[in-house]
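K.L.:
structural data only, the sequence is not supplied:
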Ligand SMILES: Cc1ncc(COP(=O)(O)O)c(C=O)c1O
């Protein structure tokens, strides 16, 4: 009795792992968790206070589908200040998280069988979202030597008359790679020439360590017109559970997305939106503290991996993940199924370490850990990985 589309998507591997960890915790079993993509900081107090004040001031009614006027204004100001792009208020749609922003965008642009190009490794939900909306994911095999960043030639090879959009995740989840302006320019040029929408997922934009972040829409007026910028507060203001994201696009797309959202969800919680005004306008110092902490952890983690000869990593320049090449362990593990899943299952069952198999991101020779965890937990997790390798070799 279910819709056919329910059978073409697979449940989220990452959510599956956290459910398993929670179940072990419920049984009183302690697990070292480096799996979840969530800041290990609390939401800043002033953001919480803004939400409490909104409740007491009875700001709890329906509002406009595309979001509160005050929040859209804060987003427009932020995009101008931080990203150097000018938008009008009616080009912003406030959503329930970045995930919802992406589904709004796909709903607004996809016709059945339209193709969406997805560079591998990808954020785990992109292909499933495209399939759910009757589109066809087309995968690009990016190269580890390019830190898995998409190259214009790789994109060109896959463009067809059905190509509607391409995902660019910058900084990347799962690799932490950050594109420079020079790396983005040829990709964006190709998208403009071929009239392909750029789904610019910039949810980790604030978390970069070495290079300045370039927002794709800032490259030119034409780039802005073809780009659907996806962003939100889950990572930058540690507001994962509040569910607040947004898109910045051209007016036509914004109006379509606003209409879609108006029928499907109305708008994100008004209380969350008032909290978001505070987060966008007044939480720069809180974000800086979080990013400085990730930065120093990143440096320590890179050093730790230098001592593990069987594993290599892609140097992360942003976000809070490390993507680890585990292919050398294939010499010791034989499985007919997913290799990375087997490694992660063994780590969880025998060493009580939760990490994410690369298969969740489309690449089975890798695993992902997060350093959005305290240094003690990170060290314990990496020690457990070392122990696992030593035991494999016995
Ligand atoms: C690349 C990327 N995009 C989007 C999201 C979704 O963010 P949100 O929690 O705001 O829906 C995530 C969350 O992990 C992510 O890593």
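P.N.:
Sure, I can see it. Treat the numbers as computed from the prediction; the structure is a model and nothing was measured. Residues are numbered from 1 along each chain as shown.

K.L.:
can you show me the helices along the stretch 51-200 of the chain?
P.N.:
Along the stretch 51-200 of the chain, counting by DSSP state H, counting those that start in this stretch, helices occupy 69-83, 98-109, 126-132, 152-156, 181-193.

K.L.:
same list (those) but as TSV, adding distance to the ligand.
P.N.:
Backbone N, C-alpha and C define where each C-beta goes, glycine included. TSV is the format used below for the helices of the stretch 51-200 of the chain (distance: least, C-beta to the nearest ligand atom, whole Å):
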stretch	distance to the ligand
helix 69-83	14
helix 98-109	3
helix 126-132	8
helix 152-156	19
helix 181-193	16
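
K.L.:
which bits of the stretch 151-300 of the chain sit near the ligand?
P.N.:
Within the stretch 151-300 of the chain, the positions near the ligand by C-beta under 6 Å from any ligand atom are 169, 173, 201, 203, 232, 234, 240, 245.

K.L.:
quick check, nearest of those to residue 56?
P.N.:
Proximity of these to residue 56 (C-beta to C-beta) peaks at residue 240, which lies at 24.4 Å.

K.L.:
quick one: that closest one from residue 327, how far?
P.N.:
Distance of residue 240 to residue 327, computed by C-beta to C-beta, to the nearest Å: 32 Å.

K.L.:
can you pull the contacts of the closest residue to residue 164 other than its chain neighbours?
P.N.:
In this structure, residue 164 finds its nearest non-sequential neighbour in residue 114, 4.0 Å apart by C-beta to C-beta, 6 or more residues apart in numbering. Contact analysis of residue 114 by C-beta atoms under 8 Å, 6 or more residues apart in numbering lists 135, 136, 162, 163, 164, 165.

K.L.:
please redo it, this time with the cut-off set to 6 Å
P.N.:
By C-beta atoms under 6 Å, 6 or more residues apart in numbering, residue 114 lies in contact with 135, 162, 164.

K.L.:
run a quick neighbour tally on the last one.
P.N.:
The tally of other residues near residue 164 (other C-beta atoms under 10 Å) stands at 20.

K.L.:
with the first one instead?
P.N.:
Other residues near residue 135 come to 22 when the count uses other C-beta under 10 Å.

K.L.:
phi and psi next, for the one residue in the stretch 201-350 of the chain that gets nearest to the ligand.
P.N.:
The nearest approach of the stretch 201-350 of the chain to the ligand comes at residue 234, 3.5 Å away (C-beta to the nearest ligand atom). The phi and psi torsions at residue 234 (degrees, to the nearest 10) take the values phi -60, psi -40.

K.L.:
that one against residue 240, yeah?
P.N.:
Yes - at 4.5 Å, residue 234 counts as touching residue 240 under the criterion of C-beta atoms under 6 Å.

K.L.:
who has more neighbours out of the two?
P.N.:
Per other C-beta under 10 Å, whichever of residue 234 and residue 240 has more neighbours is residue 234, with 22 against 17.

K.L.:
how about the more buried one, what does it touch?
P.N.:
So residue 234 contacts residue 240 (C-beta under 6 Å, 6+ apart).

K.L.:
pLDDT score assigned to it?
P.N.:
pLDDT recorded at residue 234 is 98.

K.L.:
buried ones in stretch 38-48, by neighbour count?
P.N.:
By neighbour count on 16 or more other C-beta atoms under 10 Å, the buried set for stretch 38-48 is 38, 39, 40, 43, 44, 47.

K.L.:
wait, the fourth one sits on residue 241?
P.N.:
What that stands for is residue 43. No - using C-beta under 6 Å, residue 43 is not in contact with residue 241, being 8.3 Å away.
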